[in-house]
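> Here is my input, please return the structure:
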Amino acid sequence: MNMNSETPPLLDYLEKKGITLKDLINTALELFVPHPGLETEATAIEMFREEFLDALSDVNVSTLEVACFRAQEDAEEGLIPGLSQERFMGRPGLIADELLGLAIANYLAGVRGIFEFTRFDQAKPGILKKLGPITNDAIGGLVAGVSSNVYTRAFRNAK
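Numbers count the residues shown, from 1 in each chain. Modelled structure (predicted):
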C-alpha cells in the first residue's frame, strides 16, 4: 500500500498523543537485528515505514489502540472500578494491559508477533519507556506486530 499522499487516521490520532511515525520506527530500530533480506538499517527503515503505514490503516488496529488510550485515560482519572492507582502503576495484579498488547501483536502477526511483544515489553525501547502502563503495551503490541511482519517479509523475499 502506498500511503505517501495520505496519512492513516490512526497516525493522526497518535500524533495528537505525541507519538510520531518516526518514534514508532526508531522504537523498532532499537531492537533491530540484521537478518536475511534485511541486512542494513536503511532497508529496515523503509520496510518498517511501509509496514507501519499498513498497520495504522487497519480499522481493527485503530479500534484496539484507541481503546487502550481511552483505558489509560480512564485509569488515570480513577474511573475503572476496583483499579487503585497502586495497582494501575503495576503493583500488583494488573495484567489487562499486557493482554491488550498481546492481542494487538497477535492480530498483526500471530504467534511471531507475540514473541516480538515479549522482546519489546521487556526492553521498553524508544517511545515505550515514556508511555503509561496501558499505552506502552498498546504501542508495544503495534511495534512488535509490525517488527515481526517486517522480519517475516524480509526472510521470505530473501529466499
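
> confidence score at residue 98?
In this model, residue 98 is scored at 95, pLDDT.

> how close does it sit to residue 33?
24 Å (C-beta to C-beta, to the nearest Å). Quick note: C-beta positions are derived from backbone N, CA and C, even for glycine.

> Can you give me the distance of residue 39 to residue 151?
From residue 39 to residue 151 the distance is 12 Å (C-beta to C-beta).

> And these two? Which one has more around it.
residue 151 (21 against 12; other C-beta atoms under 10 Å).

> name the element that one belongs to?
helix 135-158 (DSSP states H and E).

> Could you list the buried residues of that helix?
135-152, 154 (16 or more other C-beta atoms under 10 Å).

> How about stretch 106-114?
Buried, per 16+ other C-beta under 10 Å, within stretch 106-114: 106-109, 112-114.

> Next: stretch 35-45.
So, applying 16+ other C-beta under 10 Å, buried residues of stretch 35-45: 37-38, 44-45.

> any idea how far it is from the chain center?
20 Å (C-alpha atoms, centre = their mean, to the nearest Å).

> Quick one: mean pLDDT over that stretch.
93.

> likewise stretch 18-30?
Here the average pLDDT along stretch 18-30 is 98.

> Quick check: buried residues in it?
19, 21, 23-28.

> Which ones among the residues you listed map onto helices?
21, 23-28 (DSSP state H).

> Ignoring the adjacent residues along the chain, who's closest to the residue positioned nearest the centre of the chain?
Nearest residue to the geometric centre of the chain (C-alpha atoms, centre = their mean): residue 142, 2.3 Å. Nearest non-adjacent residue to residue 142, counting by C-beta to C-beta, 6 or more residues apart in numbering: residue 104, 5.7 Å away.
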